[in-house]
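**Student:** Sequence first, predicted coordinates after that:
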Amino acid sequence: MKPKKEFLESGFLMSRIILKNNGALRGEVTVSGSKNSALPILAATILTRGKNQLWGIPALSDIEIMYTLLESLGAELLHLSDHVLIDTAPIRSHTTPYELVTKMRGSFLLAGPLLAACKKACICLPGGCPIGSRPVDLHLKGFAQLGASITQEHGYITLACEKLTGAKIYLDFPSVGATENLIMAACLADGETLIQNAATEPEIEDLANFLNRQGAKISGAGTDTVHILGVDRLSGCSHTVISDRIEAGTYMAAFAISHGKGRVKNIQLDHIRPMIAKLREMGVEIAEEPSAVLVNARKKLRATNIKTMPFPGFPTDMQAQFGGLLSVAQGTGMIVETVFENRFLHVGELQRMGANIRIDGRTSVVQGVGQLTGAEVQASDLRGGAALVLAGLCAGGVTKISGVEHIERGYENLVGKLQLLGADITLED
Ligand code: UD1
């Protein structure tokens, strides 16, 4: 796992995915470590001001950005063959550089650890992103309740405190990032913190397990009420991040859309229940194994309705990929997106491939068509890009997808993994 920093300088923005329908996918694919677990856990290494060893961190551009952010603060990273060693003792800076933070919203996860460990965090405002305005008000409200002062100037937010004090925090919405940031900040606060209406995503539980290994006292993570008893200090530890449930769901969808048969390995069944349920409704056979699923999509796909919700509901991060599936299913399906305000960016591109989709606000109505046709399309966000890849697997002719940098944010070796399953897919630089 060597860092590939060139992309930060060069941008490597011009590559395209070239995809031809090569029939049913077959074989086995192993899911990588979870991006959304790895990001907060990497940020949380700051809390120890010491050495942590992390396994299962996926090689993704978003992760590269987090590595570079940690190094910009002074941390020392050593990339070994299958794990990374991070020493946060040398951290001297509490300011995150603009050019890195604006590349990835997850950078805001550094706010809680920096505030708790350094008593000050100067974080560039992450700004909007294609799928919505994505404010950080819930993070800030929680930090203020823990005793931080907050000032905003020149595009930066400065958080400062003499000490943080535990508090009872109610989140207006179960925000994943706010729950993570507040758990990390509260670990080193004086006294007890209770976060109510907390997000319950598996990545929160993984973060809490990591922090508890460091010596934190967190209970209830993974439920809507998280209790944190502050401790004086945390010490470094070893941890393996959970597997990526969204990557798992995307490969299940890839078998489904190509009418293939194969095994998706290294999964936790409880993390992918909504995808299993919806695929079964669509006529896909799924056999559950202890840490894998066998997907068999020999029948025609049937339309279904989907509403995105916080975990354990259907994940917003799988909505676009299922839009791709519904495009070629029999009948009409409806998708209601309740989490983000603008998450149908990929629809225009699917329409260029022949999909019949109407959007009305946060709802899309997808009338299945017999066949999509390959086209030149543009990925403008991570999961929307994955939807275009899925569509290309079953479309007639050639699909050329630009905007690959969005897809590389969240799928480790997507092209290589799909090639192993028999897809005719290449990355053209
Ligand atoms: C995380 C995931 C992302 C996933 C999302 C929802 C990471 C790195 N990213 O993003 O892949 O799609 O959860 O499952 O883990 N909101 C506010 N104020 C805030 C915070 C959030 O209004 O202070 C709103 C957002 O605009 C959005 C909704 O809450 O509409 C959900 O956001 P949140 O759960 O915070 O998502 P992220 O943590 O950004």
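**Tutor:** Good, I have the coordinates.

**Student:** List the contacts of D232.
**Tutor:** Residues near D232 by Cβ atoms under 8 Å, 6 or more residues apart in numbering: L188. C-beta: built from backbone N, CA, C; applies to glycine.

**Student:** Check which helix or strand it maps to.
**Tutor:** Assigned by DSSP states H and E, D232 belongs to no helix or strand.

**Student:** go on, V377?
**Tutor:** Per DSSP H and E: strand 376-378 holds V377.

**Student:** what does stretch 116-128 rub up against?
**Tutor:** Residues outside stretch 116-128 that contact it (Cβ under 8 Å, 6+ apart): 46-47, 49, 88, 91, 94-98, 101-102, 104-105, 107-108, 110-111, 114-115, 134, 136, 152, 155-164, 184-189.

**Student:** Which of the residues you listed fall in strands?
**Tutor:** Using DSSP state E, 152, 156-160 are the members of the contacts of stretch 116-128 that sit in strands.

**Student:** give me every residue that touches the residue of the stretch 51-200 of the chain found nearest the ligand.
**Tutor:** At 2.8 Å from the ligand, G177 is the closest residue in the stretch 51-200 of the chain, using Cβ to the nearest ligand atom. G177 is in contact with 105-106, 108-109, 136, 139, counting by Cβ under 8 Å, 6+ apart.

**Student:** where does it fall, helix, sheet strand or coil?
**Tutor:** Assigned with DSSP: H, G, I helix; E, B strand; the rest coil, G177 falls in the helix class.

**Student:** what residues does the stretch 251-400 of the chain put near the ligand?
**Tutor:** Proximity of the stretch 251-400 of the chain to the ligand (Cβ under 6 Å from any ligand atom) is limited to residues 316-317, 339-340.

**Student:** Now neighbour count and secondary structure too, for those, in JSON lines please.
**Tutor:** What follows is those, written out as JSON lines (neighbours: other Cβ atoms under 10 Å; DSSP: H, G, I helix; E, B strand; the rest coil):
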{"residue": "T316", "neighbour count": "18", "secondary structure": "helix"}
{"residue": "D317", "neighbour count": "23", "secondary structure": "helix"}
{"residue": "V339", "neighbour count": "21", "secondary structure": "coil"}
{"residue": "F340", "neighbour count": "19", "secondary structure": "coil"}
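
**Student:** Throw those into a markdown table and include pLDDT, thanks.
**Tutor:** Shown next, in a markdown table, are those (pLDDT from 0 to 100):
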| residue | pLDDT |
| --- | --- |
| T316 | 97 |
| D317 | 97 |
| V339 | 94 |
| F340 | 90 |
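
**Student:** Go through the ones in strands among the contacts of stretch 116-128 and name the one with the lowest pLDDT.
**Tutor:** The lowest pLDDT within the ones in strands among the contacts of stretch 116-128 belongs to Y156, with 88.

**Student:** wait, what's in contact with that one?
**Tutor:** Contacts of Y156 (Cβ under 8 Å, 6+ apart): 95, 122-125.

**Student:** For the following helix or strand past the strand holding V377, give the mean pLDDT please.
**Tutor:** Once the chain leaves strand 376-378, the next helix or strand it forms, by DSSP H and E, is helix 382-394. Averaged across helix 382-394, the pLDDT comes to 97.

**Student:** Next up, phi/psi of the residue nearest to E288 when sequence neighbours are not counted, please.
**Tutor:** Once flanking residues are discounted, E288 sits nearest to L269: 5.7 Å by Cβ to Cβ, 6 or more residues apart in numbering. Per-residue torsions, L269: phi -50, psi -40 (degrees, to the nearest 10).

**Student:** What count of nearby residues applies to L269?
**Tutor:** Other residues within reach of L269, judged by other Cβ atoms under 10 Å, total 15.
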